[in-house]
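**Student:** Here is a sequence together with a model predicted from it:
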Amino acid sequence: MKKLLFLSVLLFISTSCQNSEDREDNTEVIPVVNSGSEKAGHLPLVDGKTVKNVILMIGDGTGLAQITSGQYALVGPDGLLHMQTMPVTGIVKTHSSDNLITDSASGATAYSCGLKTYNGAIGVNPDKTPCKTILELAIEKGLSTGLVATSSITHATPASFASHVESRNMEDEIAVQLLNSGADVMLGGGFEYFSSGYRSDSADLISKAEQAGYELLRTSDELNNSSAQKLLGLFADDGLERVESEPSTSEMTSKALEVLSKDEDGFFLMIEGSQIDWGGHGNNSGYVIREVEDFDNAVKTALEFAQKGGETLVILTADHETGGMTLQRQKADGDSLEIYWTTGYHTGIPVPLMAYGPQATEFMGWRDNTYVGQKLSELLGVGTLPQLHQ
């Protein structure tokens, strides 16, 4: 017994020392800027309006630390990012049906279908039965729909709103289903999943997309100059590479809103800041902050649109937190802050939920991720979730 106790204590000491060494290896420093004299204020609540349009913004891997580090580096401790001006705040629990730590596939399916499923599942329940998504319900009701991402458009989060496969890795099949979904606007990366030169089955989905009425867009100039009503933007072979020819998330959001808002019946639009998560996986705070800035500029575009008519509900949340990012210690001179990462994967930390527009107060408090999809479907008037495909 004494030997076992000694070994347990030794293991604890060894692990503690190793963790201390890991902390040194996983610590970064970010700059902290002065806020300046002009500070953004909070947006007001919107009363007496019904929801005509929904913009769901998902910052992949984005927890409070990612947002706050972006705030400190971009607008300072007394400033506010655009996302921080949203007047309603809640908290989302993120566990999946088979794990306390969700992945993006099950996390996004909770938002799209309003149900829990296993990690890796795209638009299916734990029995692998396809579940109807809020985007599909919106199409059935005659609303316009769109998907925007900085990953491939076939990646887990956008895929979960318009396809149904057992595994997120089935991106060739996801591309086929996206084209058949009826979504009006799909903007992101992923050219290789549509091109016959890359696909394992050599299928030419580009020609099929054009035959279905989509205009193929490959650059930001083509996006900004397009007047088409069905858009397939594939600005990189896989995820966006942040080169000059690619559009920003704000540009993609602006074009999507321009197209979808022409529908008098309303629209549903999902926008993902995909690569905040990738910065978290790489324990790269500079990457995270650049992606937070890009995503926050898209939030600004969405909020400006929503303020014009008062009938657009904007919801901002995350599928999960990535990296266990913590704001650890201020440097002595006060112009920088230490960041510490606890993991290279996702964590079980609940994520923020923010809302602006009619019925925004429905998203106060602690909520399960399934609640968000269920409530958005109800408020948009397209039906109830969850539902299974017959």
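**Tutor:** Noted; the coordinates are in hand. Numbers count the residues shown, from 1 in each chain.
**Student:** Could you measure from the residue nearest the centre of the chain over to residue 148?
**Tutor:** What sits nearest the mean C-alpha location of the chain, by CA atoms, centre = their mean, is residue 58, with 2.5 Å. To residue 148, residue 58 is 10 Å away according to CB to CB, to the nearest Å. For glycine as for every other residue, the C-beta is placed from the backbone atoms N, C-alpha and C.
**Student:** Which neighbours do these two have in common?
**Tutor:** 270-272 (CB atoms under 8 Å, 6 or more residues apart in numbering).
**Student:** can you pull out the strands in the stretch 1-150 of the chain?
**Tutor:** 27-31, 53-59, 88-93, 144-152 (DSSP state E, counting those that start in this stretch).
**Student:** What sits closest to residue 130 if chain neighbours are left out?
**Tutor:** Excluding the flanking residues, the one nearest residue 130 by CB to CB, 6 or more residues apart in numbering is residue 164, at 3.6 Å.
**Student:** Looking at the strands of the stretch 1-150 of the chain, which is nearest to residue 199?
**Tutor:** Closest approach to residue 199 among those (CB to CB): strand 144-152, 13.0 Å.
**Student:** Okay, now the sheet partners of that closest one, with direction.
**Tutor:** Strand 144-152 has its sheet partners listed here by DSSP bridges as strand 185-189 (parallel), strand 267-273 (parallel).
**Student:** Distance from the chain centre to the helix or strand that comes right after that strand, please.
**Tutor:** Counting by DSSP states H and E, the element after strand 144-152 in chain order, helix or strand, is helix 156-159. Centroid displacement of helix 156-159 relative to its chain, using CA atoms, centre = their mean, to the nearest Å, is 9 Å.
**Student:** Only the buried residues of helix 156-159, if you could.
**Tutor:** By 16 or more other CB atoms under 10 Å, the buried positions in helix 156-159 come out as 156-159.
**Student:** go on, stretch 280-287?
**Tutor:** Within stretch 280-287, judged by 16+ other CB under 10 Å, the buried ones are 280-281, 283-285, 287.
**Student:** what does stretch 239-258 give?
**Tutor:** Quick answer for stretch 239-258 (16+ other CB under 10 Å): 239-240, 246-257.
**Student:** so which of the residues you listed would you say is closest to residue 315?
**Tutor:** residue 253 (14.2 Å).
**Student:** circling back to that earlier point, let me know which of the strands of the stretch 1-150 of the chain is the nearest to residue 376.
**Tutor:** Nearest to residue 376, of all the strands of the stretch 1-150 of the chain, is strand 53-59, at 5.5 Å by CB to CB.
**Student:** Partner strands of the closest one and their direction?
**Tutor:** strand 267-273 (parallel), strand 312-317 (parallel).
**Student:** Deepest in the core, which of the ones you listed is it.
**Tutor:** Comparing the strands paired with strand 53-59 by mean neighbour count (mean count of other CB atoms under 10 Å), strand 267-273 ranks first with a mean of 29.
**Student:** Low-confidence stretches in the stretch 51-200 of the chain?
**Tutor:** Across the stretch 51-200 of the chain, nothing is flagged by pLDDT under 70.
**Student:** Please enumerate the helices of it.
**Tutor:** Assigned by DSSP state H, counting those that start in this stretch, the stretch 51-200 of the chain shows helices spanning 64-74, 104-113, 134-140, 156-159, 171-181.
**Student:** right, so of those, which gets closest to residue 388?
**Tutor:** The nearest among the helices of the stretch 51-200 of the chain, by CB to CB, is helix 104-113 at 8.9 Å.
**Student:** Distance of the residue lying closest to residue 135 once chain neighbours are set aside relative to residue 114?
**Tutor:** Of all residues not flanking residue 135 in the chain, residue 161 sits nearest, at 4.4 Å (CB to CB, 6+ apart). Residue 161 is 12 Å from residue 114, where distance means CB to CB.
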